[in-house]
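> Okay, here's the prediction I keep looking at, along with the sequence it came from:
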Number of protein chains: 2
Amino acid sequence: MNQPHCPLCHTDSGDVLWRDAFCRVVLADEPDYPGFLRVILNAHVKEMSDLPPADRMALMQVVWAAEAALVEVMQPDKINLASLGNVVPHLHWHVIPRFADDPHFPNPVWGARLRDQPHAAPPHLDAQLTATLTRRLAPAPETESR
Amino acid sequence: MNQPHCPLCHTDSGDVLWRDAFCRVVLADEPDYPGFLRVILNAHVKEMSDLPPADRMALMQVVWAAEAALVEVMQPDKINLASLGNVVPHLHWHVIPRFADDPHFPNPVWGARLRDQPHAAPPHLDAQLTATLTRRLAPAPETESR
């Protein structure tokens, strides 16, 4: 299944904040964007339409949790979501907190740079995001029976 | 509900290929990218996390149909999906067919331009996409009973 030259098959590609057997959420190494998360499918699959419908939805549930964690912890002005994969065709979602004073706003982070400094990050950002993701992605408790 | 200055509240913002009461799929006016689709929520909502879970999934079903229609009709080298909304904070998904010889590949379409000409589009592209979307988004037939 793993592809010999795919970095997402062979490295975590970021600090892992949450993971299960299906996917992982990593804090990207993007100094301009504290809190930039990536949701990376563990298996090497190219397109969302290559996944069975239930797996698409399972991956998006983690994307929504990543978005909700960023909103809760950082209160960004906007969330940007993207699945591109032109360079590394292994499914991964960019979940990016955007602020009016960040380096590219309102441009996409891949567009023209307008400012020098990143938006200031809150303290203990990785620990806060880990705790929030873990809570939001905890399995629902079983319905009480008798 | 409509916002007075939001273009997505007041115009279709593209040639409508498919629509229902919840959202629409438009062919964007992007000469560099024939087949560039946008899936636009009809209501003015800012973030996916502002939608109830069932509505998030309903919107993504249309995004997946748009992706699948592009794969079927254009056989792109990659699909790019993005929900940004920094300029127009009204939920819309970019669904972009990417080709190795397109103007920005492998960069995002918002990144550095590398070539002059768009990838050649197949004939009757809008009619082909409309037919494919309409088929893929048709309500499932009711299960036969008696």
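Yep, that arrived.
> low-scoring stretches of chain A, by residue?
Within chain A, the ranges that satisfy pLDDT under 70 run A:1, A:143-146.
> just the strands in it please.
A:15-19, A:23-27, A:37-41, A:78-83, A:92-98 (DSSP state E).
> Is the second one positioned near chain B?
It refers to strand A:23-27. No. If you take CB under 8 Å from any CB of the partner chain as the test, strand A:23-27 misses chain B, and the best it gets is 15.1 Å. Quick note: C-beta positions are derived from backbone N, CA and C, even for glycine.
> Against which helices or strands is that strand packed?
In terms of contacts (3 or more CB pairs under 8 Å, 6 or more residues apart in numbering or on different chains; DSSP states H and E), strand A:23-27 is packed against strand A:15-19, strand A:37-41, helix A:53-74, helix A:125-136.
> Could you list the buried residues of the longest one?
It refers to helix A:53-74. If you call a residue buried by 16 or more other CB atoms under 10 Å in any protein chain shown, then helix A:53-74 has these buried ones: A:55-56, A:59-71, A:73-74.
> List of residues touching it?
Residues from elsewhere that reach helix A:53-74, judged by CB atoms under 8 Å, 6 or more residues apart in numbering or on different chains: A:18, A:22-23, A:25, A:35, A:37, A:39, A:41, A:48, A:51, A:76, A:79, A:81, A:91, A:93, A:95, A:97, A:121-122, A:125, A:128-129, A:132-133, A:136-137, B:47-49, B:53, B:56-57, B:60, B:64.
> ok, 6 Å please
Residues outside helix A:53-74 that contact it (CB atoms under 6 Å, 6 or more residues apart in numbering or on different chains) are A:23, A:25, A:35, A:37, A:39, A:48, A:79, A:93, A:95, A:97, A:128-129, A:132-133, A:136-137, B:49, B:60.
> ok, so what distance separates the residue sitting nearest the centre point of chain A from A:Arg24?
By CA atoms, centre = their mean, chain A has its centre lying nearest to A:Arg38, at 2.8 Å. As judged by CB to CB, to the nearest Å, A:Arg38 and A:Arg24 stand 9 Å apart.
> now do A:Ala100
As judged by CB to CB, A:Ala100 and A:Arg24 stand 30 Å apart.
> which one of those two has more residues nearby?
Taking other CB atoms under 10 Å in any protein chain shown, A:Ala100 and A:Arg24 do not tie; A:Arg24 has more neighbours (21 against 11).
> what's the distance between that one and A:His94?
14 Å.
> Would you work out how far apart the start and end of stretch A:114-128 are?
End-to-end distance for stretch A:114-128: 29 Å, by CA to CA, to the nearest Å.
> for that stretch, which positions count as buried?
A:118-119, A:128.
> Next: stretch A:33-43.
Using 16+ other CB under 10 Å as the test for burial, stretch A:33-43 gives A:33-42.
> Would you format those as JSON lines with distance to chain B included?
Listed next are those as JSON lines, based on distance: CB to the nearest CB, whole Å:
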{"residue": "A:Tyr33", "distance to chain B": "13"}
{"residue": "A:Pro34", "distance to chain B": "18"}
{"residue": "A:Gly35", "distance to chain B": "15"}
{"residue": "A:Phe36", "distance to chain B": "14"}
{"residue": "A:Leu37", "distance to chain B": "13"}
{"residue": "A:Arg38", "distance to chain B": "14"}
{"residue": "A:Val39", "distance to chain B": "13"}
{"residue": "A:Ile40", "distance to chain B": "15"}
{"residue": "A:Leu41", "distance to chain B": "14"}
{"residue": "A:Asn42", "distance to chain B": "19"}
